[in-house]
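A.B. asks: Predicted model and sequence follow; I will ask about them next.
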Amino acid sequence: MSLGDKHKYFTDPIHGLVSVPKGLVLKLVDHSYVQRLRRIRQLGLGYLVFPGSEHSRFSHAIGSMGLMQRVINSLKEKNTTITRSEHEAVLIGILLHDIGHGPFSHTLEQTLISDFHHEMMTLALMRRLNEEFDGQLSLAIDILSGQYKKQFLHQLISSQLDMDRLDYLKRDSIYSGVLEGSIGIDRIIKTMRVFQGNVVIENKGIYAIENYITARRLMYMQVYQHKTVLSADKLLQSILQRAIDLMADGQEIFIPSPALKYFIIERPTAKKGLSTRVISNYIQLDDNDLLMSIKCWEREKDPILSDLCNRFLTRRFFRTTFLKSNQTQPNISEYIQKTLIALKKLGLPANEKTVNYYLFSDSIVNEAYRYDTESIWVMEDEKTAVEFSRAADTKNITALTQSVVKPYIIHLKEVS
């Protein structure tokens, strides 16, 4: 059952024509909150490493909604009861699942607002939209937040096998050129069904799921956690932190974006929720606010801010060094001393405070599949479902359930 006969079609290079029902769903697509996603890159700073990955959060939202249409229609063909209102609500939920993202996606979440994650903003914006549209988003909010009785609808939006992940793995793989991320979306969707209130995979889809989990691991290692992307992220965070520190010390700098100026001066926190002012300024931000500010700040008198911005604009990133397998902690004091020497040679202020803009210690965690939470289930027969890692006939999947932690140091290239 479709949502009426009138649709608008979006031509998507990944999934072909995406049908969007006219009415509430199309009104939401055209809303400024969703249109803002056109100006936020899906892969954050990934475009500085993979030249083709200029795609936006908007294209991902439309693509995910297209996949949701397909899986809902497939489940209905298998006699799964999904009402018209549930169908519309789950489309709204997947369309809006990323509206809480800020500039460059995940890169600046904690720098702009402390104690914050973008899902908080997503729900806040959905509640605003619910008021604007006279309560028509209430069911979508319940589904997205996991409060609705039919859990399989929530799982289609947010789980270890959802339309969000199916779209971004395929989309990011194609636009980045990393073909190891290619997955068989059609077979996965066609082998999905609902069993005891949850999404499961028919046995004939097991190899498509095995490929999906393997592809997810490879995409994280080769794209999302690429060493140069990690370095670019830290550089951008340093730029914003330096601007914040300068303003806090009473040193005026020109900030071309009023919304960004609010966050730099006010330093809001989400510990007690999101205020109206925070939300109103946040929805004015996109990648362009940061890029314009960086271009202006390159000409600021402060040598640190100017240097950091010049590095960003000329792609002179820091170096990412992963620790050896037998190391768990770096010799940070040695790196500090070497960084101080390097800063002096570069003619930059060299002290413990300035070191913090040029030296970082962190780690990445790769969990391709977690069987202990939100497991993927496979139908063994018509009456039994088993957890995927037990159903797979290869030891590779069992290995992919293990967390891989890789500590690293990001430092000036002059520091060896």
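C.D. replies: That came in fine, so what should we check first? Residues are numbered from 1 along each chain as shown.
A.B. asks: which parts of the helix-or-strand element of the chain with minimal mean pLDDT are buried?
C.D. replies: Least confident element among the helices and strands of the chain, by mean pLDDT, DSSP states H and E: helix 395-400 (a mean of 71). Across helix 395-400, burial judged by 16 or more other Cβ atoms under 10 Å covers 397, 400. C-betas here are computed from N, CA, C, even on glycine.
A.B. asks: just how off-centre is that helix within its chain?
C.D. replies: 25 Å (Cα atoms, centre = their mean, to the nearest Å).
A.B. asks: what do you get for stretch 242-256?
C.D. replies: On Cα atoms, centre = their mean, the centre of stretch 242-256 falls 28 Å from the chain's centre.
A.B. asks: Mind giving me the packing neighbours of the least confident helix or strand of the chain?
C.D. replies: Identification of packing neighbours for helix 395-400 by 3 or more Cβ pairs under 8 Å, 6 or more residues apart in numbering; DSSP states H and E yields helix 206-219, helix 388-391.
A.B. asks: And the next helix or strand past that helix?
C.D. replies: strand 404-411 (DSSP states H and E).
A.B. asks: ok, and what's touching that next one?
C.D. replies: 227, 230-231, 234, 318-323, 327-330, 332, 335, 338-339, 358-367 (Cβ atoms under 8 Å, 6 or more residues apart in numbering).
A.B. asks: Next, the buried residues of the helix or strand hosting Lys234.
C.D. replies: Assigned by DSSP H and E, Lys234 belongs to helix 227-248. For helix 227-248, burial by neighbour count (16+ other Cβ under 10 Å) applies to 227-247.
A.B. asks: swap in stretch 299-306?
C.D. replies: Neighbour-count burial for stretch 299-306, counted by 16+ other Cβ under 10 Å, picks out 300, 302, 304-306.
A.B. asks: Surely Lys12 is in contact with Ser64?
C.D. replies: Lys isn't right for residue 12; it's Asp. No. In this structure, Asp12 is not within contact of Ser64 by Cβ atoms under 8 Å, at 10.4 Å.
A.B. asks: Name the residue in the two with the higher neighbour count.
C.D. replies: Ser64 (27 against 16; other Cβ atoms under 10 Å).
A.B. asks: Roughly how far does that one sit from Gly102?
C.D. replies: 19 Å (Cβ to Cβ, to the nearest Å).
A.B. asks: cool, and Ala350?
C.D. replies: Noted for Ala350: a distance of 32 Å to Gly102, by Cβ to Cβ.
A.B. asks: Of these two, which one has the most company?
C.D. replies: Taking other Cβ under 10 Å, Ala350 and Gly102 do not tie; Gly102 has more neighbours (24 against 17).
A.B. asks: And the pLDDT at Ser325?
C.D. replies: According to the prediction, Ser325 has pLDDT 69.
A.B. asks: that older thread, pull the residues that contact the least confident helix or strand of the chain.
C.D. replies: The contact list for helix 395-400 (Cβ under 8 Å, 6+ apart) reads 210, 213-214, 217, 368-369, 388-389, 392.
A.B. asks: Could you rerun that using 7 Å?
C.D. replies: 210, 213-214, 217, 368-369, 388-389 (Cβ atoms under 7 Å, 6 or more residues apart in numbering).
A.B. asks: and if you look at stretch 107-115?
C.D. replies: 44-45, 102, 116-118, 233, 236-237, 240-241, 263, 268-271, 278.
A.B. asks: gap between the two ends of that stretch?
C.D. replies: The first residue of stretch 107-115 is 14 Å away from its last residue (Cα to Cα, to the nearest Å).
A.B. asks: swap in stretch 90-108?
C.D. replies: 28 Å.
A.B. asks: Give the buried residues for that stretch.
C.D. replies: For stretch 90-108, by 16+ other Cβ under 10 Å, it's 90-105, 107-108.
A.B. asks: what about it, average pLDDT?
C.D. replies: Mean predicted lDDT for stretch 90-108 stands at 94.
A.B. asks: Next: stretch 256-272.
C.D. replies: Stretch 256-272 comes out at a mean pLDDT of 96.
A.B. asks: pLDDT below threshold where in the stretch 1-150 of the chain?
C.D. replies: The stretch 1-150 of the chain contains residues with pLDDT under 70 at 1-2, 4-5.
A.B. asks: elements contacting the helix or strand containing Leu17?
C.D. replies: Following DSSP H and E, one finds Leu17 within strand 16-21. In this structure, strand 16-21 makes packing contacts with strand 7-12, helix 57-77, judged by 3 or more Cβ pairs under 7 Å, 6 or more residues apart in numbering; DSSP states H and E.
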